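Asker: One predicted model, sequence on top.
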Amino acid sequence: CLAPDLALVSGLEITTTQVTPLEKASGQSVKLDCQFTVRPEDSGPLDIEWSLLAADNQKEDKVVILYSGDRVYEDYYEPMKGRVHFNTPDPKSGDASINLTGLKSTDSGTYQCKVKKAPGIGSRKMQLIVMGEWIDH
C-alpha cells in the first residue's frame, strides 16, 4: 500500500504563484513571495530558510534570513544587514515571504525559499534582477 508514503510526499506545499524574474531598479524595494500550507501530519518545528544561490558551483549558497525555533535571524548575510525582513512578524501563519529594501545591483540573483515542518518540506526558487539607476545626460 503506497498511501502513507504519498501522504508524506504531499505534506507541506508552497502555494506562491509570483512570476519571476522580478525586475527592479536599484534603491527600490521588493517582496519575494513564499506562501505555504501545512498538513496536519506536518507536526515538527517550523524552519524557514532563504538563501541566495551561488551562480558559480565553486561558491556556497548564502543564507540571507532564517526562522527557526520561533525566532527570526536577520543578520546572517552582511551585505543585506538591516535590509531584509520577513513580511509578517509570525511566519507560522503560512507567509514566509520576505521584503528586501534599498536594492543594490549586487542583490541580483536566484533566491530560494525553503520551508520545513517535518516530515513536510517544500522549496521554491525565484529570480531577482536589480538594474542600475538610469542617469540622464
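Answerer: Looks like it came in fine. Residues are numbered from 1 along each chain as shown.

Asker: Now do the contacts for the residue nearest the centre of the chain.
Answerer: Centroid-nearest residue in the chain, with C-alpha atoms, centre = their mean: residue 113, separated by 3.0 Å. Neighbouring residues of residue 113 by C-beta atoms under 8 Å, 6 or more residues apart in numbering: 14, 16, 32, 34, 48-50, 96, 98, 123-124, 126. Bear in mind the C-beta positions are built from the backbone N, C-alpha and C, glycine included.

Asker: Weed out the non-buried ones from those.
Answerer: Neighbour counting by 16 or more other C-beta atoms under 10 Å classes 14, 16, 32, 34, 48-50, 96, 98, 124, 126 among the contacts of residue 113 as buried.

Asker: Would you check which pair of these lies furthest apart?
Answerer: Distance extremes for the buried ones among the contacts of residue 113: the farthest pair is 16 and 49 at 15.4 Å, using C-beta to C-beta.
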